[in-house]
Structure formats: structure tokens, C-alpha cells
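S.K.: Okay, sequence plus prediction incoming.
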Amino acid sequence: MDPGNPPSPGDPAFLSDDDIRLRLDFLDLGSADRDRLLQLWDVVQASESANIDRFYAQVGAFAETGAYIRDWQQLQRLHHAQKRYSRDLFTAHVDRQYVENRWRIGAVHHRIGLEPHWYLAGCSTLLTAIMDSLQPLLREDPEFHAQALKSTIKRLFFDIGVVMDAYVSADRKALSDSTASLRESESLLSEAHDLAQLARWELLLPEGRLHCCARAREMLRTEDLRECGGYEHLRRWVHPLDRPALDAAFATAVASGIAYDVRYRVEGDGHPPRMLRERGRALADVHGHGKRVVGTIQDISRQVSQLSRIEQLALYDDLTELPNRAHFYAELERLITDAAASGRVFSVLFIDLDEFKDINDTKGHTTGDAVLVEIGRRLRDELDTGQHVARLGGDEFVVLAPDTRAKAAQAIARRLNDAITQPMTIGGTVFGLKASIGISVYPQDGASSELLLRNADTAMYEAKRSRLTVGTYHPDMSARLERRVQLADRLERALRDGSLELHYQPQVAIADGRLVGAEALLRWRDAVLGQVSPDEFVPLAEHRGLIQPLGRWVIATACAQLRAWDAAGLSLPGRLAINLSPRQFDDPEMAGLLIEQIAAAGLQPQRFDLELTESGLMADPDASLATLSELKSAGFSLSLDDFGMGYSSLAHLKGFPLNRLKLDRTFVRGMLEHRHDYAIVVATIAMARSLDLQLTAEGVESAAQADVLLSLGCGQAQGFLFDAALSPADFAARWLMPARAQDGQPSSVNA
């Protein structure tokens, strides 16, 4: 089946109106069911977002299904599509348009290669989430709950049936196309046999008389000879390099009567070269006085050319003409065998182009292909004799360097990277690419092809993560990778089972220790892994697409805590600061969703300070400005976190509607010992004053640091000098007072 043309509702296999009615009748899916489903929608939609997050967390947890979620933007599109489907499942009328939409779902799943059992498993996950949403209804009205659940199952199974029909239709079409292609090939093969026209010759011994048919004379460029020397005349245009093998085969046949089958080239003045196949046998003369050798010849030049092309396609990448994955593995296995026998070493270099997807997305795949061709040429030209480069697929290349240990392989990697990073002009656009390269060495990093390539790949990802360009494999890398996989699994569990916590660190006025706000900080103590640092699990959440549900959890938990303190008569002065991940800015609807979530909790944006990072804002300054303006207009305070660690210039800051700068703890920690850190602190305080921004210093750990900051004009701080991040109960006990006692009285400082 052509993947670009999935089965459509116009295909003969598509359901007719009579088929649709028959299925509805068989399922007993009628108007009463529709009425119940409409009533259910009012119940289900309250937990719709949580159910969808749960569904895609399950999808992303398995490699077989998570591989179809390539990036965060696609995950967002899938979220929106799932919302539409959930709404249609409960509210849409089952008509032809509804069935066509379900059919297209199956066609698309078939086209991208999703196996039916994964789709059915996804339906099970969806049904489980719906059933969980209906638990309150079970307690309130068990009878209606039972009937409504039946209606839901019947409707969902109707949808599943249509999707399975689309799968079956696509498979039948693919089988039909394959059968037609096979029949066509059989017909062509039959014609080829008819057109083969095997030519025949006969040589009589010992006199050497030669008889050739017309086609044989044309292929051999000879003529009938009835005198001695016929054999030499028969062979006069055979390529000199092929002549010895042909003579030996002929002599053996004459001596033993064994048939022979040889291939040889024929060349002649003014004629293109040909490849011939000759089969012959020596037979006794009918009178017993001598022998005759009979042979057939066939021009196989075209077949040889086609076989060469097939070999090219099988072993070489059609785009770059470099060896492909199959060729690479064959060469790697050969190297392993030779090295194991000789005790030699060699290196595998795994090369991945950084951000190559951006070229395809912005300039198109034609330009991307041209870039890959140029990269392939540069890599090939940079290698020494005996070294091999192959394209594994996409923007991944691999190099085999015989007799090379890690240090020499690193030198090769740096040379290859220099070649890659040289500017190239494609279609009038100048590109400056970067690459990440991982190295593994035989036998210390693996004795099998699979392990060597996997460890080189692991080293490449470590190089990409650490931005070091070249990484050499070390067993610790595999341990870190295994921990990341375990962390991702446990973090998804933590989002579901509630093992995450928010702690709160006070922000104080340095002069009198008065509480002026607090920062909510995420904490995770896992039952298996123990305490996990946010520096470790937050980047992982960003990479795995979990940061959006994690961010919503933080906002919901912070809102619930503020409401709990309010209900207890405790008041938090100032605002509660909440960190936003740069990845949350990838969602253009982030601001609106955040405002809605705060409002749904019964709180006002004026009670929150949103802490942002420079890297997050500068990824797309125009989009960031629009988002910040919306948040600022709603009433949020906006702080720039970790100031001094990123772009840090007036040119970048003056355009954003910020309220506060947060001086990074790195500079605070070193300002009393290092004059450069002190100078940065002084300059930052001056910058904040000139831009009319509040300033909070992070990481204040000593009274001396606090005194210097206060003398320089920084009035607010947070850090261990004042208090660590505390559980909600400890924070309330140590820092919060009843609301009526707040006026004019500083909070207790426990430092």
C-alpha cells in the first residue's frame, strides 16, 4: 500500500449506510444510549485533561508507542486531537461523517505502522480512565451508572470496529497490490525467457572444425571455421584476464566429460564490452573416432549490470552513496573477526548532527537532503585509507577506524567535526552545523557489533548532553543512562501516586528579617530511589515531555496550600514564587491555561510571582514577550531567575515586562572572596536600580554576605542564613502568623 494514499471513505471497502445501520442495530446502540452518553459528558469532561495526561503518560512509557511522539509540539497536537475525540465519543451523532472520521483514524494508524494490538491497548487505557471518572456516579446512582457504562462500551466498540475495518481494508489493498505486482513480474519473466535466445556452437576434435549459429557468431564476433585453429578463433576476443579460467574449464571438460559453466568478458575493436555465460560439455563422436564439444552462450551483460545496481541499493545509501547500515554491520563483523584473531583494536565513531531537524522544518527536506550529501562527502574526504564511513539513517553517520585506540579516535573525531562545522551554502543559504560524536573501542567497550554501536551511541548522547562535541565511552555512561530510564519511569509513577511535594523557602527583608514572600520548591523522595534532586529530574521531565503535567501539578498544589493557609487564618505576606520551565513556553496557550487554573482554584494572579529563566525567554523573544504581556496584564509578578547565568544584558532585558531580578547564588557565594563575583553583584544591583526592578539575592548563607548585600542596596534575600526550604507545616509554624497579627509586626526569623 502506498503510505501516502491510505484507504479513504470513497474506497469500495468502506461501510455503506446499510452497514452502519446494521452494526448499530446489532450493538443495540440507539437513542437511549445517546441520551445517556450526553449526560455522561457532563461528568467525564471535568476530569478530561487529567485522563488525557494519564493516557499519554502511558503511551510515552513504552518504546513501541512512545516512538510516535517525536517532540513536544506533536504531543500537544495529539492532546488536542484526543480532546476532540473524547467530546465526539459522548456528544456526536453516529452519522456518515462520524464513521468517516473513525475510519481515518484507523487509516492513519495503519499508515504510520502502529500495530492493531497497540491501538486496542490504547482503547483499553482510555476506557479505564473513563470508568475511573465515573466512580462518583456509581455511588450516587448505581443503576444509571451501569446503563451508562454499557452505552459507553457499545459506542467505543462501534468505533473500534470501524477502525479495525480500516486496518483490514489497508492490508487487503496492500495484498492486492502485491499480488498484481507479482503477476506482472511473472509475465515479464516469461517474456524474458522467450527473448533470451540462447546461442549454440559446436567444435569437432581433433581436427578443430567450428560451427556457430548466427547469434553465436554475433556474440563471439567470429565465423564458422572448418580448418584447424577453430578453438583459438572461438576465443580470440575473450578478455585476457578471463582467458586462463576459461581454457582450464574447457580442458577439464574434454579430459573428463564433466560439464562446465563459466562467465567471461568479450571485447573487440569498435564494439562495446559484453559479459557472456558459457555452458559446455564434451561428447564422444558417434563413430568413436574423436570428440565434439557443444556449448551454449548467453549475453548476461544486462543481468550483471542489474545485479550490480541491486547490490548498490542493498549495500549503499541511495542519497549519499555511502555504505548503508547493512554494509556497515557486515564490515564491523569482519573487523571484529579479524581483530579477535590478531589481537588488534579498532574504534567506532557515532556521529549525530545537532538540531538537523530544524533545517528540514524550516528549509524543507530537499535542502536537508542536500546538506546530508555534503556532510557525507566531507566525512569521506577526511578519512584515511582503511577507514570507513557509513550512513545509518537520518542524520546519523558512523565511522570505523582500524588499529585506533581512544586517543587517536578522539583526534579523528575532532578532525571530522572541524570538517562538519565549516560553513556550507545550499540554495543560497549558508548553514553552520555542529555535531556530537561518541566513541567506543574494541574490545574494551564491547566484543559484539550491537554492544559497540550501542556504547558509541551512548557516548554520543553524553557528548550532546554535556555539550562537549566528542565523548568517549565509559561504563558510568551506561549506568547514568539506566538511571535516567529508571528515573523517567518512577517520575511518571510519582505524578500518579502523589509522592511529589512542594516545600517553601522564605524570602525576607535583609534589614529586619521580615517575611516578604516565599518560593515554592519541588521535592521528590521516591520509595526506591530515595531523595532525588530537582537538578536531576526536572531536565528529565523536560526531555520526556512530562514538564507540562508536572507544571500543572505544581500550580494546583501551591493553590491548594494557599487556600489551606487562608482557611487556617494564616496569611503569607507578599507573593508566592513559582518556577516556570523554559519548555512550558513552547505551548502558546500556556498563559491562558495558567490564568484559568488559578481562577478555578478561587485565587487571584496577584498572589503569585512567576520565576522565568533567560534561556527560556530568549529561545523565541517575540513569542515570550506576548506570553509575558498576557501574564503581566492578568496580575502576575514576573521575576528573572538565575540572573547573570545567561544573556544578561540591558538590550535583552529592557523589552520584557519584568518586576524583579533574582541574583544567582553562584555570585553571592563567591562575592566575598572573588573580586569578579563582587563586581557582578555590584553591577547587577545597579542595573536593577536603573531599570526600576526589585532585586532578591539567592543563596545567602552568612551574615557577612547579608551585610554586604544590604550595604550595596539589595534589600531582599533568601538562603540558609534565614531558613531552608520547609514542609508546609514547618513553614507555617516558623514563619506564618494569624492574618490579624500581621499588620505592623515582623515575622519570626529562625536563623
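M.R.: It's in.
S.K.: what about residue 295, which helix or strand?
M.R.: Using DSSP states H and E, the element containing residue 295 is strand 291-299.
S.K.: what does residue 531 give?
M.R.: In this assignment (DSSP H and E), residue 531 forms part of strand 530-532.
S.K.: List the buried residues in that strand.
M.R.: Applying a neighbour-count criterion of 16 or more other C-beta atoms under 10 Å, one finds residue 532 buried in strand 530-532. Glycine gets a C-beta too; all of them are placed from N, C-alpha and C.
S.K.: Indicate each strand paired with it and its parallel or antiparallel sense.
M.R.: Partners of strand 530-532 in the sheet, by DSSP bridges, are strand 515-526 (antiparallel).
S.K.: burial count for residue 613?
M.R.: Applying other C-beta atoms under 10 Å, we find 20 residues neighbouring residue 613.
S.K.: How about residue 661?
M.R.: Counted with other C-beta under 10 Å, residues neighbouring residue 661 total 25.
S.K.: can you check residue 600 too?
M.R.: Residues within reach of residue 600, counting by other C-beta under 10 Å, total 10.
S.K.: pLDDT value on it, please?
M.R.: For residue 600, the pLDDT comes out at 94.
S.K.: for the chain, what helix or strand is lowest in average pLDDT?
M.R.: Of the helices and strands making up the chain, the lowest-confidence element is helix 650-653, at a mean of 58, by mean pLDDT, DSSP states H and E.
S.K.: next SSE after that helix?
M.R.: strand 660-663.
S.K.: helices or strands next to whichever helix or strand comes after that following strand in the packing?
M.R.: The helix or strand immediately downstream of strand 660-663 is helix 665-670, counting by DSSP H and E. With contacts taken as 3 or more C-beta pairs under 8 Å, 6 or more residues apart in numbering; DSSP states H and E, helix 665-670 sits against helix 675-690.
S.K.: ok, back up a step: which residues make contact with the strand holding residue 531 from outside it?
M.R.: Here strand 530-532 makes contact (C-beta atoms under 8 Å, 6 or more residues apart in numbering) with 487, 523, 524, 525, 526.
S.K.: Would you mind listing which of the residues you listed are buried?
M.R.: By 16+ other C-beta under 10 Å, the contacts of strand 530-532 give 487, 524, 526 as buried.
S.K.: out of those, who's nearest residue 589?
M.R.: residue 524 (26.9 Å; C-beta to C-beta).
S.K.: Quick check: the closest one touching residue 494?
M.R.: Yes: here residue 524 reaches residue 494: they are 6.0 Å apart, a contact under C-beta atoms under 8 Å.
S.K.: between these two, what contacts are shared?
M.R.: Contacts common to residue 524 and residue 494, judged by C-beta under 8 Å, 6+ apart, are residue 500.
S.K.: quick one on the thing from earlier: tell me which of the buried ones among the contacts of strand 530-532 is nearest to residue 116?
M.R.: The closest of the buried ones among the contacts of strand 530-532 to residue 116 turns out to be residue 487 (C-beta to C-beta; 31.9 Å).
S.K.: Which pLDDT value belongs to the closest one?
M.R.: According to the model, residue 487 scores 80 on pLDDT.
S.K.: contact partners of the helix or strand containing it?
M.R.: For residue 487, the element it lies in under DSSP H and E is helix 475-497. Residues from elsewhere that reach helix 475-497, judged by C-beta under 8 Å, 6+ apart: 54, 57, 60-61, 455, 458-459, 461-462, 471, 499-500, 524, 526, 528-529, 532, 536-537, 540-541, 544, 546, 549-550, 553.
S.K.: Can you flag the buried ones in those residues?
M.R.: For those, a neighbour count by 16+ other C-beta under 10 Å gives the buried set as 54, 57, 60, 455, 458-459, 461-462, 471, 500, 524, 526, 529, 532, 537, 540-541, 544, 546, 549-550, 553.
S.K.: quick one: which of the residues you listed sit in strands?
M.R.: Using DSSP state E, 471, 500, 524, 526, 532 are the members of these that sit in strands.
S.K.: ok, the top strand by length along the chain: who's next to it in the sheet?
M.R.: In the chain, with assignment by DSSP E, the single longest strand is strand 271-284. Using DSSP bridges, the strands paired with strand 271-284 are strand 260-268 (antiparallel), strand 291-299 (antiparallel).
S.K.: Buried residues, that strand. List them.
M.R.: Residues 274, 275, 276, 277, 278, 280, 282 are the ones in strand 271-284 that count as buried (16+ other C-beta under 10 Å).
S.K.: thought residue 668 was touching residue 699?
M.R.: Yes: contact criterion C-beta under 8 Å: residue 668 and residue 699 qualify, at 4.9 Å.
S.K.: Compare the two and say which is more crowded by neighbours.
M.R.: Neighbours per residue, other C-beta under 10 Å: of residue 668 and residue 699, the larger number sits with residue 668, 25 against 17.
S.K.: could you point out the longest helix in this protein?
M.R.: helix 142-196 (DSSP state H).
S.K.: Run the angle between it and strand 291-299 for me.
M.R.: Orientation of helix 142-196 against strand 291-299 (axes from the mean of the first three to the mean of the last three C-alpha atoms, to 10 degrees) gives an angle of 130 degrees.
S.K.: pLDDT below threshold where in the stretch 1-150 of the chain?
M.R.: Residues of the stretch 1-150 of the chain that meet the criterion pLDDT under 70 lie in 1-14, 70, 72.
S.K.: Name the nearest residue to residue 620, ignoring sequence neighbours.
M.R.: residue 585 (7.5 Å; C-beta to C-beta, 6 or more residues apart in numbering).
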